[in-house]
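A.B. asks: What follows is a protein structure lacking sequence information:
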């Protein structure tokens, strides 16, 4: 598990680190990532964490 703060994620990064799931809290309409992606609210809540947990268990 890797946390990035204030850095833009790219598909090159996703490929280099073999990312399975990207969880982000910013909305970028024109980005497409080569992995499962979940956009949570700016301040994550219980529903966000439930969804992330489900995504991890579904891998």
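C.D. replies: That came through, no problem. All of these numbers come straight from a predicted model, not from anything done at the bench.
A.B. asks: mean confidence score for the longest helix belonging to the chain?
C.D. replies: If you go by DSSP state H, the chain has its longest helix at helix 46-57. Over the span of helix 46-57, the pLDDT mean works out to 89.
A.B. asks: Check which residues of that helix are buried.
C.D. replies: Burial within helix 46-57, assessed by neighbour count using 16 or more other Cβ atoms under 10 Å, is assigned to residue 48. For glycine as for every other residue, the C-beta is placed from the backbone atoms N, C-alpha and C.
A.B. asks: just checking, what packs against that helix?
C.D. replies: Judged by 3 or more Cβ pairs under 8 Å, 6 or more residues apart in numbering; DSSP states H and E, helix 46-57 is in contact with strand 21-24, strand 36-39.
A.B. asks: got a markdown table for the ones you listed, with mean pLDDT, mean neighbour count and distance to residue 6 too?
C.D. replies: A markdown table is the format used below for those (pLDDT from 0 to 100; neighbours: other Cβ atoms under 10 Å; distance: least, Cβ to Cβ, whole Å):
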| stretch | mean pLDDT | mean neighbour count | distance to residue 6 |
| --- | --- | --- | --- |
| strand 21-24 | 88 | 16 | 12 |
| strand 36-39 | 88 | 14 | 17 |
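A.B. asks: What count of nearby residues applies to residue 26?
C.D. replies: 10 (other Cβ atoms under 10 Å).
A.B. asks: just the one 4 residues further on next, same as before
C.D. replies: For residue 30, the neighbour count with other Cβ under 10 Å is 4.
A.B. asks: Reformat the helices and strands packed on helix 46-57 into CSV and put distance to residue 46 next to each item.
C.D. replies: Output for the helices and strands packed on helix 46-57, formatted as CSV (distance: least, Cβ to Cβ, whole Å):
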stretch, distance to residue 46
strand 21-24, 15
strand 36-39, 15
